[in-house]
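Q: Predicted model follows, preceded by the sequence.
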Amino acid sequence: MVPFIESLPEPWVVGLTPPGPSVEEVCERARGAAQNILDSSVRAAREGPGLEIKGELAEGRAAHKLLDAARDADLLVVGTRGRGGFAGLLLGSVSQQCAHHAPCPLVIVPGPEDGR
Amino acid sequence: MSRSPRRILIGYDGSDCARRALELAASLAQDGTKVTLANVAEVMSFGLPDPFAVAEQKRLLAEGNELLAARGIPSGSIDPLNADAADGLAWAAKKVGADLLVVGTHSRGPLARLALGSVAGTVVHRVPCSVLVVP
């Protein structure tokens, strides 16, 4: 079983609500977009040899959710979006946080921007 | 890496972690997979590479090659590297044209835990291949 996880940022509310879509609307849209990515990824993965593929949408910080889900896994696989260098140092990429705390072996697959 | 890796580079420093990494890498290797070991350490002493440290690096590489041979996997190693771990591993991965780099999360030494994310996390942004990190 290979769960795919697409995570959403935690909803956060500021004191003043600006005009425009409400926080709930924004979250709902993000959830829909994430679900689409997840669904198409699961479809693509099912084209491979007979693996049992399950998609799971999680809301929260990506690294936390991934590490949580990997607790009973034999292998965790993540990609990078090429936020290395200075931005990566400041922000700490998801893959970096996973590497720090991984409970199981972790494969990090570089994005097209990396290592060139 | 859509198929099994063709060229695997293992960062091996003799730690328990590195040993687990080596075993996992061994399980991924198939007929024709080229497996290479690297050991990277900063071994300068008074501006020159410390010969005792370099000898230890060579011993560790030989040990890693023996562990792989015991699993029936032929392997080679590149000469001990005297560099920052992430820099050295990235250089070595490019040199051997690795499509998979395998490293343990914590290397030896009491402060290693602090540096671990940075090595694995930094190296991934410097190599053009996938990185397998083994805790």
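A: Right, received. Where do you want to start? Values in this document were obtained by computation on a predicted structure and should not be read as measured data.

Q: The lengthiest helix in chain A and chain B, any residue contact?
A: Counting by DSSP state H, the longest helix found in chain A is helix A:23-46. No. Using C-beta under 8 Å from any C-beta of the partner chain, helix A:23-46 stays clear of chain B, with a minimum separation of 12.1 Å. In this view, the C-beta of every residue, glycine as well, is placed from N, C-alpha and C.

Q: Send me that helix as PDB with only the CA atoms.
A: Extracted C-alpha coordinates of helix A:23-46, given in PDB (Å, rounded to 0.1, in the frame of the first residue of the first chain):
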ATOM      1  CA  VAL A  23     -10.900  31.900   5.000                       C
ATOM      2  CA  GLU A  24     -13.300  28.900   4.600                       C
ATOM      3  CA  GLU A  25     -13.700  29.600   0.900                       C
ATOM      4  CA  VAL A  26      -9.900  29.800   0.400                       C
ATOM      5  CA  CYS A  27      -9.400  26.600   2.300                       C
ATOM      6  CA  GLU A  28     -12.100  24.800   0.400                       C
ATOM      7  CA  ARG A  29     -10.500  25.900  -2.900                       C
ATOM      8  CA  ALA A  30      -7.000  24.700  -1.700                       C
ATOM      9  CA  ARG A  31      -8.600  21.400  -0.600                       C
ATOM     10  CA  GLY A  32     -10.100  21.000  -4.000                       C
ATOM     11  CA  ALA A  33      -6.900  21.800  -5.800                       C
ATOM     12  CA  ALA A  34      -4.900  19.400  -3.600                       C
ATOM     13  CA  GLN A  35      -7.500  16.700  -4.100                       C
ATOM     14  CA  ASN A  36      -7.100  17.100  -7.900                       C
ATOM     15  CA  ILE A  37      -3.300  16.700  -7.700                       C
ATOM     16  CA  LEU A  38      -3.700  13.700  -5.400                       C
ATOM     17  CA  ASP A  39      -6.200  12.000  -7.700                       C
ATOM     18  CA  SER A  40      -4.100  12.500 -10.800                       C
ATOM     19  CA  SER A  41      -1.000  11.200  -9.000                       C
ATOM     20  CA  VAL A  42      -2.900   8.100  -7.800                       C
ATOM     21  CA  ARG A  43      -4.200   7.500 -11.400                       C
ATOM     22  CA  ALA A  44      -0.600   7.900 -12.800                       C
ATOM     23  CA  ALA A  45       0.800   5.500 -10.100                       C
ATOM     24  CA  ARG A  46      -1.900   2.900 -10.800                       C
END
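
Q: quick one: average confidence on that helix?
A: Across helix A:23-46, pLDDT averages out at 92.

Q: and the angle from the following helix or strand past that helix to helix A:23-46?
A: Downstream of helix A:23-46, the first helix or strand assigned by DSSP states H and E is strand A:53-59. Put simply, strand A:53-59 runs at 160 degrees to helix A:23-46, going by axes from the mean of the first three to the mean of the last three C-alpha atoms, to 10 degrees.

Q: Return the list of helices and strands in contact with strand A:53-59.
A: If contacts are counted by 3 or more C-beta pairs under 8 Å, 6 or more residues apart in numbering or on different chains; DSSP states H and E, strand A:53-59 sits against strand A:2-8, helix A:23-46, helix A:62-69.

Q: If we ignore the residues flanking it in sequence, what's nearest B:G14?
A: Among residues not flanking B:G14 along the chain, B:L60 sits closest, at 4.5 Å (C-beta to C-beta, 6 or more residues apart in numbering or on different chains).

Q: so that neighbour sits in a strand?
A: No. Under the criterion used here (DSSP: H, G, I helix; E, B strand; the rest coil), B:L60 is helix, not part of a strand.
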